[in-house]
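>>> Whatever this is, show me its structure:
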Amino acid sequence: MLPVRLSSVCDAITPFLIACALVVVLQTQARAEDVAPVCDEYGLALLSTPHAPWKGAPLRVIFATEKPQDGALALISPSGKVAVQTSDRQGGPPYFWHAEIASPEAGTWQAKLTRQGAAPGCRDITRDIVVARKKPRGPGSSKAVWPLRDKWDRGNENLYAAWLQILFDAPLDEDLSWKALGEVLHNDSRNVLFNHLGLREDQTRATIRPDCADLPYFLRAYYAFKMGLPFGYANCTRGGGGKPPRCTKWWNVVKEEPAPMTKTARRKSRSNSLIRGAAASPARYRTPARPKGLVPGFQHYLRRTIADGVHSGNGRTANDDDDTDFYPVPLTREALRPGTIYADPYGHILMLVKRVPQTDEGAGVFLAVDGQPDGTVSRKRFWRGNFLFAQDPALGGPGFKRIRPIERKANGTLRRLTNAQIADHPDYGDFSLQQSTIGVEAFYDRMDDVMSPEPLDPFKAMTEAVTALEEQVNARVNSVENGRKFLAGNRRTVALPKGASIFETSGPWENFATPSRDLRLLIAMDVVRKFPDRVARRPERYAMPAGKTPEEVRKELEETLLTELSARKFSYKRSDGSSWTLSLDDLLVRITDLEMAYNINDCAEMRWGALEGSEEESTCKRRAPSTQRRKMASDYRPWFSERRRPPRG
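As a prediction, the model looks like this:
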């Protein structure tokens, strides 16, 4: 009877269990319908500024994402009205939308991103932003250089890239240049993070004048300061003796580099120590401690601590070295984002700020910014004349690199990720030694493919190369003019540095002589002159005219090139302040004279290759001493004629 009894019980219980299970399923479904789907996808991030919004400050919003989806960003007022909406998606990658309300009313605003092609439950992403009636108190200081309240991840990296692109954005054909980085950061129409902390921190008009090595650090530190993110830098050697630079110590905002009571020839001098007659003894001075207060402390950290602690060797460390501030990335569109630096093998550093995709009308372009010894910051396009590449272990690891991520440990200290950790990290995963394995031509060929995946019209491509050369020449006009003004107010002769030091020194020679710039310009001129041959060498890369051989196209390109170079004009100021106009073709005719045109002690006329005894040269009143000219001709000229920079040591 027991089996029967069990069977009867089971018959009675089974419908009950099924009913209970059905209720559980229905309740689960009901809860799932009530709860919004998880849409915090990889790389999706919102930046609203200021840090504590209030009605007396503009409300600015950036929404960034990894995916190239069409969509629109709307800022919705507390009353529910759409105050502003934009479908202008920028970047790529990351992709972002940017909107602003000049005078937001108090209350709860919404930033709503509507994306086409997103998952059904994630088409609309909404974030609340509370705008106060009264100005909140800004953040206070801490034991660290600035308080840490967030971490670096893909979202913050995407927002950093978007901020950089907006900061340096302008039409492609606009010549962007500033006398100092401070002019950019203190421009509230460019800088989304202007006064982000509510401390009037960008209205102090503090002097911010980084050189090329400082620039990536200054920008990263500025963003980290505003957003409460980790930051650090390494003390590195410059390399020499056939070895690349190495970094020996790492400092950060939690563990600051000790400030010694005195320093001797450590700080990058801006003095006239290379002028003959100046004191030959090393400069000694007292290093002040970081002042109290969040904003004064940050300004000191930027202009003194970081500026004194880094140099171009930081970017040229070996690509497989873990103890560095930068790590190499693959040559792909996904990896080459705003904020990626380019370390050329001879000591110059640039930072990518925008990618312009290829269109039917033109080739794709990477835009970058760099700093100069005189503080000038300007925007440049990637091409062979600006981005030098070489494979020589003694020069270090050149190429594109990203700033190494920094993590905060449980005990509050900071650490950098190793190359292996970056390769395995879900927010990064882009460490690569690809650039260490390819030659010079393969590097530039690969970059052509990344910028413009489709074949290029060879005539349009050559015209864009001429435009890039023209930009480089115009930048040199500014540098030579700065030197002319310096000579007008200084009658003493600037000493000629010894050997390879002409490329890497301090004082007036660093600020006003142009050996590094001129070496790059000579290489750029070679690139333009040889462009027709490059097309003939690699015809598959170009949309060659139908029915014409590569040789026929090469000859047509040479004729077009001569016309284009003759039509492009520029002017410089001679010693008496009068203008003299040259064409790019004039400059190429003088290419050998430009191998000796970098000396600050020469007049502007000679620095542009004017023929002695000509009308152009008649206003020249200053020449470098004959001893310097002989030294330049016998010892230094081969570096320029062979288009190579000597190794250190």
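>>> how about the helices of the stretch 151-300 of the chain, start to end?
154-167, 181-185, 214-227, 294-300 (DSSP state H, counting those that start in this stretch).
>>> And the particular helix or strand that has Pro638 in it, what does it pack against?
Element membership for Pro638, per DSSP states H and E: helix 637-641. Applying 3 or more CB pairs under 8 Å, 6 or more residues apart in numbering; DSSP states H and E, one finds that helix 637-641 makes contact with helix 515-529. Where you see a C-beta, it was placed from the backbone N, CA and C, and this is true even at glycine.
>>> Check the average confidence over the helix it packs on, would you?
For helix 515-529, mean pLDDT rounds to 94.
>>> Please work out which residues outside it touch it.
346-348, 383-386, 388, 462, 465-466, 468-469, 472-473, 475-476, 479, 502-503, 561, 565, 587-588, 591, 594-595, 597-598, 639-640, 643, 645 (CB atoms under 8 Å, 6 or more residues apart in numbering).
>>> Mind checking which of those residues land in helices?
The members of the contacts of helix 515-529 that map onto helices under DSSP state H are 462, 465-466, 468-469, 472-473, 475-476, 479, 561, 565, 587-588, 639-640.
>>> ok, and the most crowded of those?
The most crowded member of the ones in helices among the contacts of helix 515-529, judged by other CB atoms under 10 Å, is Leu469 (25 neighbours).
>>> any idea how far that one lies from Asn158?
Per CB to CB, to the nearest Å, Leu469 is found 34 Å from Asn158.
>>> quick one: contacts for Thr560?
When contacts are counted by CB under 8 Å, 6+ apart, Thr560 touches 459, 462.
>>> got any ranges where this structure has weak pLDDT?
For the chain, the stretches with pLDDT under 70 are 1-40, 260-286, 648-649.
>>> Now do the end-to-end distance for stretch 178-196.
22 Å (CA to CA, to the nearest Å).
>>> Quick check: buried residues in it?
178, 180-186, 191-196 (16 or more other CB atoms under 10 Å).
>>> now do stretch 487-502
By 16+ other CB under 10 Å, the buried positions in stretch 487-502 come out as 487, 493-497, 500-502.
>>> Between the helices of the stretch 151-300 of the chain, which one is closest to Val377.
helix 181-185 (5.1 Å; CB to CB).
>>> residues in contact with that closest one?
167-168, 178, 190-191, 194, 202, 205-210, 215, 218-219, 222, 371, 375, 377.
>>> Show me which of those are buried.
167-168, 178, 191, 194, 202, 206, 208-210, 215, 218-219, 222, 371, 375, 377.
>>> domain parsing for this structure?
Here the domain parsing of the chain from automatic domain parsing is 1-35, 45-131, 154-269+284-450, 476-641.
>>> measure the longest one end to end?
Counting by CA to CA, the length from the leading to the trailing residue of domain 154-269+284-450 is 22 Å.
>>> Could you check how far the closest residue to Trp152 other than its chain neighbours is from Leu414?
In space, Trp152 comes closest to Pro405 once its chain neighbours are excluded; the distance is 5.2 Å by CB to CB, 6 or more residues apart in numbering. From Pro405 across to Leu414, the span is 11 Å (CB to CB).
>>> ditto for Glu454
As judged by CB to CB, Glu454 and Leu414 stand 44 Å apart.
>>> do Asn158 as well
Taken as CB to CB, the span from Asn158 to Leu414 is 21 Å.
>>> Please name the residues that touch the residue lying closest to His425 once chain neighbours are set aside.
Ranked by CB to CB, 6+ apart and with sequence neighbours excluded, the top spatial neighbour of His425 is Leu417, at 6.5 Å. Leu417 makes contact with 404-407, 425, 428 under the criterion CB under 8 Å, 6+ apart.
>>> Which ones among these map onto strands?
Using DSSP state E, the subset of the contacts of Leu417 located in strands is 406-407.
>>> Show me which of the contacts of Leu417 are buried.
By neighbour count, with 16+ other CB under 10 Å, the contacts of Leu417 hold 404-406, 425, 428 as buried.
>>> roughly how far apart are Phe366 and Ala64?
Per CB to CB, Phe366 is found 19 Å from Ala64.
>>> Comparing these two, which residue is more hemmed in?
Neighbour count, other CB under 10 Å: between Phe366 and Ala64, Ala64 has more, with 28 against 24.
>>> my guess is that one is in a strand, correct?
Yes - Ala64 sits within a strand when classified using DSSP: H, G, I helix; E, B strand; the rest coil.
>>> Quick check: it vs Gly117, distance?
Ala64 is 17 Å from Gly117, by CB to CB.
>>> ok, Gly447 - contacts?
I think there's a mix-up here, since residue 447 is Met and not Gly. 331, 382.
>>> for it, helix, strand, or coil?
What three-state DSSP gives for Met447 is helix.
>>> how much space between it and Pro453?
With CB to CB as the criterion, Met447 and Pro453 are 12 Å apart.
>>> same thing with Lys143?
For Lys143 relative to Pro453 (CB to CB), the value is 50 Å.
>>> Could you list the buried residues of stretch 300-316?
For stretch 300-316, burial by neighbour count (16+ other CB under 10 Å) applies to 300-303, 305-316.
>>> Show me which of those residues is closest to Phe570.
Ser312 (28.3 Å).
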